[in-house]
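*Asks:* This is a predicted model, with the sequence first.
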Amino acid sequence: MPRLLYYLLAAALPVLFGCQKPEEQFTVVVIPKGLTHEHWQSVRRGAERCADDLRAEDGTTVRIIFDGPLRERDAIEQIRIVDRRVATGASGIVLAPQHSRTMTACVKRAADAGVPVVIIDSGLDDPDHFVKYVATDNYNGGCLAARHLIGELKKQGKGKPKLILFRYAVGSQATEDRERGFEETVKKICPDAVWLSTDKYAGATRDSAMREAGPLILQFGNQVDGIFAPNESSASGTADVLRSQGLNKKVLLMGFDASKPLLQSIQEGDVIGSILQDPYRMGYLSTWYCVRYLRGRDVSNGRKDMSESTGEYLVTKENLNSVFTLGLYDPETQAKRTTEELRKGPKR
């Protein structure tokens, strides 16, 4: 090799290989409340889409680990998962806490260990130890549910409807906010409504909801005009019970969230509507904020803007199959959503 060529190559090698900015690599662990509901699968797809976008933009590698308890009422297992993932090298954590108080200590341990936590879906009582909260405005979702249910009942001439508020579980801030929004809005717009039951809880699964709803509807089936069930499993379980007792379409059922059975119930008229969240965007934004924080960015305006709403939308039989609605739950339509929309919000 000529001496001049040798020196030129020797000078070029550091530029070509040694002076390039090293590729950033992060491991973000997404910990849902549970693994059974379709809501969490949309969150997972959103997080993975964010990782794909970041790699395409600047080569950043984000490994997404999806790890949660099998059951949504197993806070002890969720705490163990948080602690284990902190100990095994997570760069950051996206967490949907099962309980607003019980989960605070493990989030603090993560923060003390230098692992930032972005909270999604349900809040924590103590906001001092997480870096961002990305969620539905659940209170407003409950308000939307109340307006739609009362509106449909008034169309039937029922100005003093008899109602059941079928709660989800104690300590789940998201559903408690929905229930509070529903109850307070009904009292404002329909003060003559009669509450047949407001103290029964559906539990974490469709089966538990059916077990609890069965005796409740058997007791009040000849009186009740409308029911609000504040999540997917409680709404699906209640719809099953209404069908089994021949009360579907007679008792108006209002739900929250989406699943294939619940959406089919809306299509068939057994459920008058559901408030849908945007879990795909929730998973995307929470991952994006987590990575930005890991890169040293201020994601909360000096902790003045800790919350980011991902929106809540009334879905009925009339708009069930619109492109916008499909983008909230359908995997193929979700994959077609633009990066700009996912980061800045949809234009309707």
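*Replies:* Nice, thanks for sending it over. Numbering: from 1, shown residues only.

*Asks:* separation between the residue lying closest to residue 74 once chain neighbours are set aside and residue 279?
*Replies:* In this structure, residue 74 finds its nearest non-sequential neighbour in residue 98, 7.3 Å apart by CB to CB, 6 or more residues apart in numbering. Backbone N, C-alpha and C define where each C-beta goes, glycine included. Residue 98 sits 16 Å away from residue 279, going by CB to CB, to the nearest Å.

*Asks:* now residue 199
*Replies:* 29 Å.

*Asks:* Was I right to think residue 195 contacts residue 166?
*Replies:* No. Proximity of residue 195 to residue 166 does not meet the contact threshold set by CB atoms under 8 Å, at 11.8 Å.

*Asks:* Just want to know which of these two has more residues nearby.
*Replies:* residue 166 (27 against 13; other CB atoms under 10 Å).

*Asks:* Surely that one is within a strand?
*Replies:* Yes. Under the criterion used here (DSSP: H, G, I helix; E, B strand; the rest coil), residue 166 sits inside a strand.

*Asks:* Grab the nearest non-local neighbour of it.
*Replies:* Ranked by CB to CB, 6+ apart and with sequence neighbours excluded, the top spatial neighbour of residue 166 is residue 229, at 4.8 Å.

*Asks:* Show the residue spans covered by the helices in this protein.
*Replies:* 3-13, 38-58, 75-87, 104-112, 138-155, 173-189, 206-220, 232-244, 260-268, 279-294, 323-329, 331-335, 339-344 (DSSP state H).

*Asks:* Where among those helices is average confidence lowest?
*Replies:* Note on the helices of the chain: lowest mean pLDDT is at helix 3-13, with a mean of 43.

*Asks:* number of nearby residues for the nearest residue to residue 79 once chain neighbours are set aside?
*Replies:* Using CB to CB, 6+ apart and skipping the chain neighbours, the partner closest in space to residue 79 is residue 106 (4.6 Å). Neighbour count for residue 106, taken as other CB under 10 Å: 22.

*Asks:* Residue 106 and residue 83 touch, don't they?
*Replies:* Yes. Here residue 106 lies in contact with residue 83, judged by CB under 8 Å, at a distance of 5.9 Å.

*Asks:* tally of neighbours for residue 27?
*Replies:* Counted with other CB under 10 Å, residue 27 comes out at 16.

*Asks:* hey, what's it bridged with?
*Replies:* Here residue 27 sits in beta bridges with residue 63, going by DSSP bridges.

*Asks:* let's have the chain start at 31 instead
*Replies:* New numbering, starting at 31: the last item is residue 57.

*Asks:* contacting residues for it?
*Replies:* 92, 93, 95, 119, 120, 121, 122 (CB atoms under 8 Å, 6 or more residues apart in numbering).

*Asks:* Need the buried ones from those selected in PyMOL.
*Replies:* The following PyMOL line selects those of the contacts of residue 57 that are buried, judged by 16 or more other CB atoms under 10 Å:
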select buried, resi 92+120+121+122
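
*Asks:* From the contacts of residue 57, which land in strands?
*Replies:* 92, 93, 95, 122 (DSSP state E).

*Asks:* now the nearest residue to the first one once chain neighbours are set aside: how far from residue 162?
*Replies:* Excluding the flanking residues, the one nearest residue 92 by CB to CB, 6+ apart is residue 81, at 4.0 Å. Computed as CB to CB, the residue 81 to residue 162 distance reads 17 Å.

*Asks:* Between those two, which has more neighbouring residues?
*Replies:* Ranked by neighbour count (other CB under 10 Å), residue 81 and residue 162 place residue 162 first, with 24 against 21.

*Asks:* residues touching that one, list them.
*Replies:* Residues near residue 162 by CB under 8 Å, 6+ apart: 148, 149, 316, 319, 320, 323, 329, 330, 336, 337, 338.
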